[in-house]
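Engineer: Please work out how this folds:
(2 chains)
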Amino acid sequence: NAGVTQTPKFRILKIGQSMTLQCTQDMNHNYMYWYRQDPGMGLKLIYYSVGAGITDKGEVPNGYNVSRSTTEDFPLRLELAAPSQTSVYFCASSYSDIRATNEKLFFGSGTQLSVL
Amino acid sequence: KNEVEQSPQNLTAQEGEFITINCSYSVGISALHWLQQHPGGGIVSLFMLSSGKKKHGRLIATINIQEKHSSLHITASHPRDSAVYICAVAYNTDKLIFGTGTRLQVFP
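Structural biologist: Numbering: from 1, shown residues only, chains lettered A, B, ... in the order given. Down below sits the predicted model:
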C-alpha cells in the first residue's frame, strides 16, 4: 500500500495562476480531507468528503474547489492564486468518521506552495 | 469559541527524560487525537482517545473528561522522538480543530 500520495511536493505560482493539487489513496477510505498549515498556526480544514460524489466546506474554503468522482482521488483546485494561499497543504484520509473508536488519519507528505 | 490549547510550545530534554505534553479544550468533545509531525514535515497519527488511557510502546496518552485536559507522555525519551506533537479535537462535528503543536527536541 502506498497510503496517501500527494503531488506535487513543491510549487511556485504567480498571482492569478491556477493549479490542481492531486491526492490519491489506496486504502479504500471513505473520508478525505484537505488541510493547510501556516507558520505558527494549527492545521485548518479547507474541504472534506465523506464519499464519492459528496464534498463539503471546511473552515477556510474561499479560493479553492474540490471534486470527488472516485473513492481514491480528491484533487484540490486553486483558482486565481493569491499570496494569502502561500502555505503547506496536506491531504489526509480516514476509513470513517474521526470520532469513531480507534479511527486514525493518514496524511500525504504535503505540498509547499508559494504564490508570488 | 471552541479552541485547543497546547503547552508548552517548546520543550527540550536530555535523552532518557520523562516528557509530558499538555492539551486543553473548552467544552465537551467527541474525540481527541494526538499526532506527530516529523522534522521533514510528515504527519502520523499516534492516538485517538474518547476516554481513559492508551499506550503504545514508550508513548502514553491520557484524557480527563471532567477537567477537559489530555496529556501525552513519552518515557525514556530518545533523540528520534524530536518532533512537533499536535493535539486535535472533535467537538460536536466530524471535523477536527487542531492545536498549534509542541516542538520537542531531545538531546543525546
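Engineer: Residue of chain B nearest chain A, please.
Structural biologist: residue B:98 (3.4 Å; CB to the nearest CB). Glycine gets a C-beta too; all of them are placed from N, C-alpha and C.
Engineer: quick one: contacts for the residue nearest in space to the middle of chain A?
Structural biologist: Residue closest to the mean C-alpha point of chain A, counted by CA atoms, centre = their mean, is residue A:34 at 2.4 Å. Contact analysis of residue A:34 by CB atoms under 8 Å, 6 or more residues apart in numbering or on different chains lists A:21, A:23, A:45-48, A:58, A:64, A:66, A:74, A:76, A:89-92.
Engineer: what's the distance between it and chain B?
Structural biologist: For residue A:34, the distance to chain B equals 12 Å [CB to the nearest CB, to the nearest Å].
Engineer: Check the secondary structure at the spatially closest residue to residue B:52 that is not a sequence neighbour for me.
Structural biologist: Spatial nearest neighbour of residue B:52, excluding adjacent residues (CB to CB, 6 or more residues apart in numbering or on different chains): residue B:63 at 6.8 Å. Secondary structure assignment for residue B:63 (DSSP: H, G, I helix; E, B strand; the rest coil): strand.
Engineer: for residue B:63, what are its contacts?
Structural biologist: Here residue B:63 is in contact with B:32, B:49, B:50, B:51, B:52, B:53, B:69, B:70 (criterion: CB under 8 Å, 6+ apart).
Engineer: Residue B:38 too?
Structural biologist: Per CB under 8 Å, 6+ apart, neighbours of residue B:38: B:44, B:83.
Engineer: Next, it: phi, psi?
Structural biologist: phi -70, psi 160 (degrees, to the nearest 10).
Engineer: Relative to residue B:31, how far out is it?
Structural biologist: 23 Å (CB to CB, to the nearest Å).
Engineer: What of residue A:72?
Structural biologist: On the measure of CB to CB, residue A:72 and residue B:31 end up 25 Å apart.
Engineer: Identify the residue spatially nearest to the residue of chain B closest to chain A, adjacent ones excluded.
Structural biologist: Residue B:98 sits nearest to residue A:42 (CB to CB, 6+ apart), 3.4 Å away.
Engineer: One more: residue A:57?
Structural biologist: Using CB to CB, 6+ apart, the nearest residue to residue A:57 is residue A:47, at 6.1 Å.
Engineer: Neighbours of that neighbour, how many?
Structural biologist: Residues near residue A:47, counting by other CB atoms under 10 Å in any protein chain shown, number 23.
Engineer: which residues does residue 22 contact?
Structural biologist: Picked chain A for this. Neighbours of residue A:22 in contact, by CB under 8 Å, 6+ apart: A:5, A:6, A:7, A:8, A:73, A:75.
Engineer: meant chain B, my bad for not saying
Structural biologist: B:6, B:7, B:8, B:69, B:70, B:71.
Engineer: for residue A:4, same thing?
Structural biologist: Residue A:4 neighbours (CB under 8 Å, 6+ apart): A:23, A:24, A:25, A:27, A:91, A:92, A:93, A:106, A:107, A:108.
Engineer: so where do the strands sit in the chain?
Structural biologist: In the absence of a named chain, this looks at chain A. Applying DSSP state E to chain A gives strands spanning A:4-7, A:10-13, A:19-25, A:31-37, A:44-51, A:54-57, A:64-66, A:76-78, A:87-94, A:106-107, A:111-115.
Engineer: switch to chain B, that's the one I care about
Structural biologist: B:4-7, B:10-14, B:19-25, B:31-37, B:43-49, B:53-56, B:59-64, B:69-74, B:83-90, B:96-98, B:102-107.
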